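>>> Build the 3D model from these lines:
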Amino acid sequence: MAEHINPYIAGAPVTDPTMFFGREDVFAWIEQTIAGRYADNTLVIHGQRRVGKTSVLKQLIHRLPERYIPVFFDFQGRTHTTLDQFLWRLAREIVRTLRTRHDIELPRPERDAFTSDVEHFTGPFLAQLGKALGERNLVLVFDEFDSLEETTAKEMLTHDLIPYFSRLMHSVKQVNFVFSIGSSGHKLEHMRADYTDFFRPALYKKISFLEPEEARRLIVEPAQDVMTYDPAAVEHITAITSSHPYFTQLVCHELFAQCQKTGDWHVGVDDVEKVLPDVIERGTVNLKFVWDDASDPERYTLTALALLGRPASKADVLITLDQYKVRISEEEVGAALLNLAAKDVLAEDNTFTVDLMRLWLLQNRPMERVIEELSEKHPIAVRFIQIAEQYREQKLLEQALANYQNALKAAPEYIPAHLGMAEAQREAGQWGEVASTYRAVLELDEENIQARTGLCEAYLALGDAAQEAGDVARAMESYRKVLEVYKDHAEAQERLAALDAAATMHARIAQAEKQKELTQTYAAARQAMESKVYDRAVALLEKIVGWDASYRDAKQLLAQAKKRQRTQRSGLRGALVGVGVTGAIVILLGLACLVALGWGVVSGAIPLIPTPTWTPAPTATPTPKPTNTPVPTATPTPTPTPIPTPTLEPTEPAAPTPSNGFAEEDLGDGWVRYTQVAEGYSIELPESWLVLDMTIEDIGRLMLQIGELNPEIQQYVELMLASQMVELSLYGLDTDPASFEDNPSGVSINILSQDMLASLDPALMISLMKNEFEAMEGYTVLESGVVEINGVRAARFVNEVTMTDAFGRVITNRLIQVMLPTQETAFIITIGSGSASFTEYEETFERAINSFRLE
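Prediction:
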């Protein structure tokens, strides 16, 4: 009987183009993308072991356009060397390929030239090569590039080669690069994370299994002259191998050998079944690679799935393992399934991508053997883990952690013990310890998905906690650590983007506000000079010079002001201008708003008192004397002690009047609901309160007409008038005279609106505002947190504010400040009183705030 040569190639790369089937999409992609519009591209193909990457690279000599000359270089076994020796060997391979395949003669590279200067490759050698190539391009094809991840390679070659290649790819013309990675088990995303700069310009293509029709051609065509297949047999082969090229070739190789022995050259389904034991035996090296690369939880999971032999869920795996008394956590099984899917071992339904793997497991790794092997590796650690799991199930986390720690003492590198401890730490909320434990796992297994996922979760939790505590810098550091693990982690990117945007906005607004404040302060200083209020002019000009000594003529103006101040030391004090409000004494000292992140913050004083029984009239003498005015007989009022006034006569302001801008609804219990139709909200306030619809400008004009206030209050007046980013929507005041007995500032509420803070997350508001409040002079944050008010999430603060009023009195107020962001604007509610009487009015304040709703 004539002996036929077996045409099927099981193991070695396919170099003969007549025996290569499929991959047309890959070659089309390479041909289309290798030449860029402005510069040629670097290409990377990746995929699991034995999927055909090397065969694709070997075929480039037959498939690339003529202008490209590929030179194949296998990294496997060539990384235990130094950079100069590597470059010398690469140069030799280039010269050999050009001579044997393209009749291009170049001098043989001398080792000493590379040893003495590693730049000899990029200098003289490539210059000589460029002349020989003419209009053609050299394509350096590097196979098994991830061999550089091996420990010895990292120590000897990788550290120098990566930056060298990076410079080469960016600076040398007429040289293209094609890499293959994945066969060593290193995942593409992890390689790219480690070599970010190197791989950034590359384009990527995954090499996977053959298309069904390509697999059928691979089965039938190589031996079609002597061998025939039953169609059912062909389908059975593709089902068993999942069209994996290596295993398809292996099955066909064994079938050909069987036909050679029997002389029967027709293959049926039964023939395929007969050769499977031999296929499994010959393929053990490659099938076992998956097993050797798996963690202990992954091995248990693989064995359970092989027993199930069907699509299975995480619960199915846990039930199967429980039947064999295998104690493994739900988290470990879930992570194992994810990791095996990421390695292309499992499909989406948790079946094996290559069914031969299932058959190999059933034959070589029964569950009893796996349990025995894994227990024998670390028997003491395994027992401690079993005890720890029992404690975890009972929520006795302290005892569980102690037993995990004992397991690690027995076996410090036993990953299941680390993973179990991390899960217990997570359940205990110990996020710092969780991160530390998962980092220890990744030092042992850098591709462990459970550790990577858990580490990201820990960093996110640490970042959120830091953000809640107002430590934005530490929060951003934690979120960046997430991206070091998974550079495309969406949640971390979103959190960082929000904080970056807020920080940028804060910086821009702070800069703009500083310029506005400088301009306004200068204008106020000029006005003070014209009004001969030199004490104030000096204070303002000193502030300007402290900020920017070169600002306009501030230094010269300051010298003038000081000179005039010495001759006129009449420290002017602000006069109070009054308007009548139902005969009660009402003093408003403190429109308390927010100064941070562009919130046009206003804080000042609006004195509102009854029409006085006297009017200050300036005289020629330095100290003015008041002129008595008859007291109205209808309402006797004792004459107050006169307050010193400046020589300038104050101007009578127009008093604000209740606005018709609100729709009012009497609630029948002494409260009224005020609806602001234009801005789309309503709120309930006591009917005894005076509610005014005033703008920031209205209050500003009143304040300026009050006269000279103390510098602290005047500063807030000017800030308020300069602000273009905040609108005062409502001002409410308790007009009951009793409310002023312990409240020089009165009992009041104001609502502001701010468009720039629309849609800002309340939790982010809390973290960004807390430090800002505490940094403000006189501000103390007593409480802070996120609340919900009629369906709207809001940031709530209780602050204590100490300030000096126009009379020089130190006043302490307690304020509830609530920020409610909507899609289009943010409402800022401030309500409060003097700290001494805050408890008396607290119930009123809470009802008012909680009644706020969007209309």
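>>> Just checking the distance from stretch 464-483 to the centre of its chain.
Distance of stretch 464-483 from the chain centroid (Cα atoms, centre = their mean, to the nearest Å) equals 9 Å.
>>> First-to-last residue distance for it?
15 Å (Cα to Cα, to the nearest Å).
>>> Figure out how far stretch 242-261 is from the centre of its chain.
50 Å.
>>> I should have written stretch 821-837 there, sorry.
Distance, centroid of stretch 821-837 to centroid of chain: 30 Å (Cα atoms, centre = their mean).
>>> Which residues belonging to that stretch are considered buried?
821, 825-835, 837 (16 or more other Cβ atoms under 10 Å). C-beta here means a position set from N, CA and C on the backbone, and glycine is covered the same way.
>>> Tyr841: how many residues sit nearby?
Neighbours of Tyr841 under the rule other Cβ atoms under 10 Å: 20.
>>> Could you pull up phi and psi at Leu760?
phi -70, psi 130 (degrees, to the nearest 10).
>>> what residues are up against it?
502, 821, 826 (Cβ atoms under 8 Å, 6 or more residues apart in numbering).
>>> any chance of the buried residues of stretch 821-837 in a markdown table, plus secondary structure, pLDDT and distance to Gln59?
Formatted as a markdown table, those follow (DSSP: H, G, I helix; E, B strand; the rest coil; pLDDT from 0 to 100; distance: Cβ to Cβ, whole Å):
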| residue | secondary structure | pLDDT | distance to Gln59 |
| --- | --- | --- | --- |
| Pro821 | strand | 90 | 59 |
| Thr825 | coil | 87 | 63 |
| Ala826 | strand | 88 | 62 |
| Phe827 | strand | 90 | 67 |
| Ile828 | strand | 89 | 68 |
| Ile829 | strand | 92 | 72 |
| Thr830 | strand | 90 | 74 |
| Ile831 | strand | 92 | 77 |
| Gly832 | strand | 89 | 79 |
| Ser833 | strand | 88 | 84 |
| Gly834 | strand | 87 | 86 |
| Ser835 | helix | 89 | 83 |
| Ser837 | helix | 88 | 88 |
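>>> so where does His170 fall, helix or strand?
Here His170, judged by DSSP states H and E, is contained in helix 159-171.
>>> What residue, apart from its backbone neighbours, is nearest Leu250 spatially?
In this structure, Leu250 finds its nearest non-sequential neighbour in Ala10, 4.3 Å apart by Cβ to Cβ, 6 or more residues apart in numbering.
>>> who's in contact with that neighbour?
246, 249-250, 253, 282.
>>> quick one: Ala524 and Arg536, what's the gap?
Separation of Ala524 from Arg536 (Cβ to Cβ, to the nearest Å) stands at 8 Å.
>>> got it, and Glu368?
92 Å.
>>> Neighbour count: those two, which is higher?
Set side by side, Glu368 and Arg536 show more neighbours around Arg536, with 23 against 10, by other Cβ under 10 Å.
>>> isn't that one right next to Arg526, touching?
No: contact criterion Cβ atoms under 8 Å: Arg536 and Arg526 do not qualify, at 11.3 Å.
>>> before we move on, the earlier item: so can I have a markdown table of the contacts of Ala10 showing neighbour count, secondary structure and pLDDT?
Listed next are those as a markdown table, based on neighbours: other Cβ atoms under 10 Å; DSSP: H, G, I helix; E, B strand; the rest coil; pLDDT from 0 to 100:
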| residue | neighbour count | secondary structure | pLDDT |
| --- | --- | --- | --- |
| Tyr246 | 20 | helix | 90 |
| Gln249 | 24 | helix | 92 |
| Leu250 | 25 | helix | 93 |
| His253 | 21 | helix | 94 |
| Arg282 | 17 | helix | 89 |
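>>> following the helix holding His170, which helix or strand comes up?
Following helix 159-171 in sequence order, the next helix or strand is strand 175-181 (DSSP H and E).
>>> From the contact counts, what lies against the lengthiest helix in the chain?
Longest helix of the chain, by residue count under DSSP state H: helix 490-530. Judged by 3 or more Cβ pairs under 8 Å, 6 or more residues apart in numbering; DSSP states H and E, helix 490-530 is in contact with helix 449-468, helix 472-485, helix 534-547, helix 554-567, helix 711-722, helix 762-775.
>>> the inter-axis angle of it versus helix 472-485?
Helix 490-530 runs at 150 degrees relative to helix 472-485, counting by axes from the mean of the first three to the mean of the last three Cα atoms, to 10 degrees.
>>> Going by neighbour count, which residues in stretch 536-547 are buried?
Judged by neighbour count using 16+ other Cβ under 10 Å, the buried positions of stretch 536-547 are 536-541, 543-544.
>>> Give the rounded mean pLDDT of it.
The average pLDDT within stretch 536-547 is 89.
>>> Distance from the chain centre to that stretch, please.
Per Cα atoms, centre = their mean, the centroid offset for stretch 536-547 relative to its chain is 43 Å.
>>> rewinding a little: can you tell me which of the buried residues of stretch 536-547 is closest to Leu496?
Ranked by distance to Leu496 (Cβ to Cβ), the buried residues of stretch 536-547 are led by Lys543 at 36.8 Å.
>>> Roughly how far does the nearest residue to Arg136 once chain neighbours are set aside sit from His102?
Nearest residue to Arg136 in three dimensions, chain neighbours excluded: Arg67, at 5.1 Å (Cβ to Cβ, 6+ apart). Arg67 is 12 Å from His102, where distance means Cβ to Cβ.
>>> Could you do Leu557 as well?
From Leu557 to His102 the distance is 83 Å (Cβ to Cβ).
>>> what's near enough to touch Gly680?
Here Gly680 is in contact with 854-855 (criterion: Cβ under 8 Å, 6+ apart).
>>> repeat for Ala91
Contact analysis of Ala91 by Cβ under 8 Å, 6+ apart lists 109, 114, 121, 125.
>>> Make a PyMOL selection of the buried ones in these.
To isolate the buried subset of the contacts of Ala91 in PyMOL, counting by 16+ other Cβ under 10 Å, use the following:
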select buried, resi 109+114+121+125
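>>> re earlier: Three-state assignment for the residue nearest to Leu250, please.
Judged by DSSP: H, G, I helix; E, B strand; the rest coil, the three-state class of Ala10 is coil.
>>> And it, how close does it get to Glu254?
For Ala10, the distance to Glu254 - Cβ to Cβ - is 8 Å.
>>> repeat for Ala91
Distance of Ala91 to Glu254, computed by Cβ to Cβ: 42 Å.
>>> about what we covered before: by how many degrees do the helix holding His170 and strand 175-181 diverge?
Helix 159-171 runs at 130 degrees relative to strand 175-181, counting by the same axes, to 10 degrees.
>>> Report the mean per-residue pLDDT for helix 159-171.
Helix 159-171 shows a mean pLDDT of 82.
>>> Taking the buried residues of stretch 821-837 together, which two end up most distant?
So, these by Cβ to Cβ: farthest apart are Thr825 and Ser837, at 32.2 Å.
>>> what about the nearest residue in space to Pro65 that is not next to it in sequence, how many residues close to it?
Excluding the flanking residues, the one nearest Pro65 by Cβ to Cβ, 6+ apart is Glu31, at 6.8 Å. By the criterion of other Cβ under 10 Å, Glu31 has 14 neighbours.
>>> what's the helix or strand for the residue nearest to Phe72 when sequence neighbours are not counted?
What sits nearest to Phe72 in space, not counting adjacent residues and going by Cβ to Cβ, 6+ apart, is Val141, at 4.8 Å. Here Val141, judged by DSSP H and E, is contained in strand 137-143.
>>> can you tell me how far the nearest residue to Glu687 once chain neighbours are set aside sits from Asp666?
Closest residue to Glu687 apart from its sequence neighbours, by Cβ to Cβ, 6+ apart: Val672 at 4.9 Å. The gap separating Val672 from Asp666 is 6 Å, by Cβ to Cβ.
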